[in-house]
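Enquirer: need a structure here:
(one chain, ligands or ions: 2)
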Amino acid sequence: MKVAPNSSENQGERLIVPDLAPIRLDWPAGAMIGLPAKESAKKLADLEPLFLDRAAFHALDPELVVYRVRSWTPVQPGSEGGLFWGVTILEPGKVGKEYFMTHGHFHSNPTRAEYYCGVQGHGLLLRMDHQRSTSAEEMRSGTLHYIRGEHAHRVVNVGDEPLIFWACWGSDAGYNYGAIREHGFGARVLERDGRPVVISDE
Ligand code: PAN
Ligand code: ZN
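Expert: Ligands and ions are numbered 1, 2, ... in the order given. Next up, the predicted model:
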């Protein structure tokens, strides 16, 4: 709907000029239509130090795409007070007994929280504080997760179909991958007797 700037209904009002193209989401498919969404992919090779079973890791194709992230960043990364929007599509699979997972990160700015929202598949959201206390929470279609700014977060696909979740986070949240790359999380998710179990990694 367009409102004419000088119609009798809005005399004297200042109109906001829309500077962002409208977009549509295909929620269950993890698709964003009609915007300059960026897509990035993480391959096994990008996740090299994270998995427990080194031999199993090296037996797999390093070019295998483990997950894709589509994101919309309508303001500059790092600008204060803006919001980013994105979706992650995490493939099913395992390295040895360990399920495919995202790299995981702390936000550089620990005051910047995030929402995750599951739309397809079965996953576990791992959260970890700076004392390495780690918890796991089920993700399924319809689950909504509020992640505190100070908590590291990683998602593990424990199902047999792609796990799709949407996310909203601050444009000045930033990513700190280093601590996770070096020390991992306080727990891992492994398959035992056909079921996922969360085991301490301390
Ligand atoms: C998400 C993640 C996305 C991929 O958008 O960046 O799921 O996970 P990694 O960044 O750990 O590879 C998010 O948490 N943004 O802040
Ligand atoms: Zn995050």
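
Enquirer: does the residue lying closest to Arg140 once chain neighbours are set aside lie in a helix or a strand, and which?
Expert: Closest residue to Arg140 apart from its sequence neighbours, by CB to CB, 6 or more residues apart in numbering: Gly118 at 5.3 Å. Any C-beta I mention is one placed from the backbone N, CA and C, and that applies to glycine too. In the assignment (DSSP states H and E), Gly118 maps to strand 114-120.

Enquirer: the helix or strand just after that strand vs ligand 1: in contact?
Expert: Downstream of strand 114-120, the first helix or strand assigned by DSSP H and E is strand 123-128. No. Contact of strand 123-128 with ligand 1 (CB under 6 Å from any ligand atom) is absent, the minimum separation being 10.2 Å.

Enquirer: near ligand 1, which residues of the protein? Just list them.
Expert: By the rule CB under 6 Å from any ligand atom, the part of the chain lying against ligand 1 is 42, 69, 86, 88, 102-105, 114, 153, 167, 169, 173.

Enquirer: by neighbours, which of the residues you listed wins?
Expert: Counting neighbours by other CB atoms under 10 Å, Thr102 leads these with 24 neighbours.

Enquirer: so how far is Phe165 from that residue?
Expert: Counting by CB to CB, to the nearest Å, the gap from Thr102 to Phe165 is 10 Å.

Enquirer: can you list the buried residues in stretch 155-162?
Expert: Applying a neighbour-count criterion of 16 or more other CB atoms under 10 Å, one finds Val155, Val156, Asn157, Val158, Gly159, Pro162 buried in stretch 155-162.
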